[in-house]
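Peer 1: here's a sequence, model it:
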Amino acid sequence: MLPTTTTRTSSLRVLAVYGSGFAIVYGYVNTFALWRAFGQAFGEGLRDALPWIMVAIIVLGLAGFLVWQRAGAKISWRLLAIAVLAAVIGLSITDPAFPAKRIHVPQYFMLAIVVWFALPGRMRTPMTPVFVLVAVALYGVHDEFMQGFHPNRTFGLRDMAVNLCGATSGTFALLAFATDPGRRVTKPGQEAFPVTAMFAMLAAVSGVMLLAWAATGYRNDLVPYWVVLPCLAGAFWLALLLEQVSEPGDRLSLCGIVAICCVFLVYPVLANVPHLDFA
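Peer 2: Got it, this is the predicted structure:
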């Protein structure tokens with residue numbers, strides 16, 4: 001049987017999401033090499049302005065795409081102002097000694113877009129922006145922790161905050177251009193998102209924040225296992241409550257957040273196992 005139009009569209013969406021994700025990861029791990037090459041080719045002045053230029057280009061490109069997709073849709077200037085403010089804060093709080101870190105703002109802006117469109121439109125709910133922001137912010141913490149395993153690198157709360165600003169900017173920009181007052185977002189009779197699941201997600205996120213704060217005290221040292229327990233406890237609680245979530249899109253998003261939280265266990269394991277004495 002020939003594939004239907006819906007099947008082909010879904011396949012193209014999956015291909016686009018995975019391709020975009022691969023491109024972003026490649027850019028992340030080669031940021032400094034690309035940064036140096038750009039500076040050598042075009043000069044340090046244009047290089048240092050590149051993150052600001054990239055944010056502007058992404059916003060304009062996203063605006064054009066969404067307005068084209070939704071003819072007559074209105075732009076929420078209030079939400080767009082929040083997106084711009086978050087980007088400006090992220091670009092301003094980076095360490096002046098390492099201007100290349102500003103590139104994290106457009107990177108996480110783009111990552112928010114990829115995560116948003118990874119969920120089909122028919123499965124999005126009023127909670128989707130919250131899940132996108134949480135997932136991308138958690139990825140930002142992972143990004144910094146992974147750097148800590150490099151002998152010449154470390155991680156810091158400031159860099160995590162920069163990543164959060166990029167994620168916030170991207171999420172609110174999507175909300176600003178995707179706003180359509182003439183369309184109902186919620187369905188008639190749709191059940192409210194369970195409060196217990198919301199508290200469980202907040203517990204998992206709080207656990208990640210505690211992990212990040214505690215781990216800064218163990219730079220260049222072994223990270224103990226106990227620092228990851230609050231995050232895992234919150235993720236376990238959230239996993240137990242998934243059946244209470246009625247919307248399939250919300251359940252799928254929360255499953256992703258649970259998985260992202262569980263991966264934090266790898267950092268104390270990788271830090272401690274090489275130092276175990278198996279003799």
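
Peer 1: so where do the helices sit in this protein?
Peer 2: With DSSP state H as the criterion, the chain has helices at 5-29, 31-42, 44-69, 77-92, 104-118, 128-147, 157-178, 195-215, 229-240, 248-262, 266-272.

Peer 1: which strands and helices sit next to the fifth one?
Peer 2: I take that to be helix 104-118. Applying 3 or more Cβ pairs under 8 Å, 6 or more residues apart in numbering; DSSP states H and E, we find helix 104-118 packed against helix 5-29, helix 44-69, helix 77-92, helix 128-147, helix 157-178. Just so you know, the C-beta spots here come from the backbone N, C-alpha and C atoms, and that holds for glycine as well.

Peer 1: go through these and pick out the most buried.
Peer 2: By mean neighbour count, with neighbours taken as mean count of other Cβ atoms under 10 Å, helix 157-178 ranks first of the helices and strands packed on helix 104-118 at a mean of 24.

Peer 1: who are the packing partners of that one?
Peer 2: Judged by 3+ Cβ pairs under 8 Å, 6+ apart, the packing partners of helix 157-178 are helix 44-69, helix 77-92, helix 104-118, helix 128-147, helix 195-215.

Peer 1: could you redo the last one with a cut-off of 7 Å?
Peer 2: helix 44-69, helix 77-92, helix 104-118, helix 128-147 (3 or more Cβ pairs under 7 Å, 6 or more residues apart in numbering; DSSP states H and E).

Peer 1: if I pick Phe145, what's in contact with it?
Peer 2: 155, 267 (Cβ atoms under 7 Å, 6 or more residues apart in numbering).

Peer 1: recalculate using a threshold of 8 Å.
Peer 2: By Cβ atoms under 8 Å, 6 or more residues apart in numbering, Phe145 lies in contact with 155, 212, 215, 264, 267.

Peer 1: contacting residues for the closest residue to Leu241 other than its chain neighbours?
Peer 2: Of all residues beyond its chain neighbours, the one nearest Leu241 is Ala197 (4.7 Å), with distances taken as Cβ to Cβ, 6 or more residues apart in numbering. Under the criterion of Cβ under 8 Å, 6+ apart, the neighbours of Ala197 are 238, 241-242, 244-245, 254.

Peer 1: tell me which of the helices and strands packed on helix 157-178 sits nearest to Gly207.
Peer 2: Between Gly207 and the helices and strands packed on helix 157-178, the shortest separation by Cβ to Cβ is 10.7 Å, and it involves helix 128-147.

Peer 1: what residue ranges in the stretch 51-200 of the chain are flagged as low confidence?
Peer 2: Low-confidence segments of the stretch 51-200 of the chain, defined by pLDDT under 70: 62-63, 65-73, 148-154, 178-191.

Peer 1: if you set the cut-off to 90 instead, what comes out?
Peer 2: 51-81, 84, 88, 91-107, 109-111, 113-114, 117-124, 142-159, 173-194 (pLDDT under 90).

Peer 1: for the spatially most central residue of the chain, which non-adjacent residue is closest in space?
Peer 2: The chain has Val136 as the residue nearest its centroid, 1.2 Å off, counting by Cα atoms, centre = their mean. Nearest in space to Val136, with sequence neighbours left out and distances taken as Cβ to Cβ, 6+ apart, is Ala167 at 3.8 Å.

Peer 1: cross-check the contact I'm expecting between that neighbour and Leu111.
Peer 2: Yes: counting by Cβ atoms under 8 Å, Ala167 touches Leu111, with 7.0 Å between them.

Peer 1: quickly list what's touching both of the two.
Peer 2: Listed contacts common to Ala167 and Leu111 are 136, 139; contacts here mean Cβ under 8 Å, 6+ apart.

Peer 1: returning to that earlier point: quick one, which of the helices and strands packed on helix 157-178 is nearest to Ala161?
Peer 2: Per Cβ to Cβ, nearest to Ala161 of the helices and strands packed on helix 157-178: helix 77-92, 7.7 Å.

Peer 1: got the domain ranges for this structure?
Peer 2: Residue ranges for the domains of the chain, per automatic domain parsing: 11-119+139-180, 192-279.

Peer 1: adding distance to Ala259 as columns, could you present the helices and strands packed on helix 157-178 in TSV?
Peer 2: Converted to TSV, these look like this (distance: least, Cβ to Cβ, whole Å):
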stretch	distance to Ala259
helix 44-69	27
helix 77-92	26
helix 104-118	13
helix 128-147	10
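
Peer 1: of those helices, which is nearest Ser20?
Peer 2: Closest approach to Ser20 among the helices and strands packed on helix 157-178 is made by helix 104-118 (4.7 Å; Cβ to Cβ).
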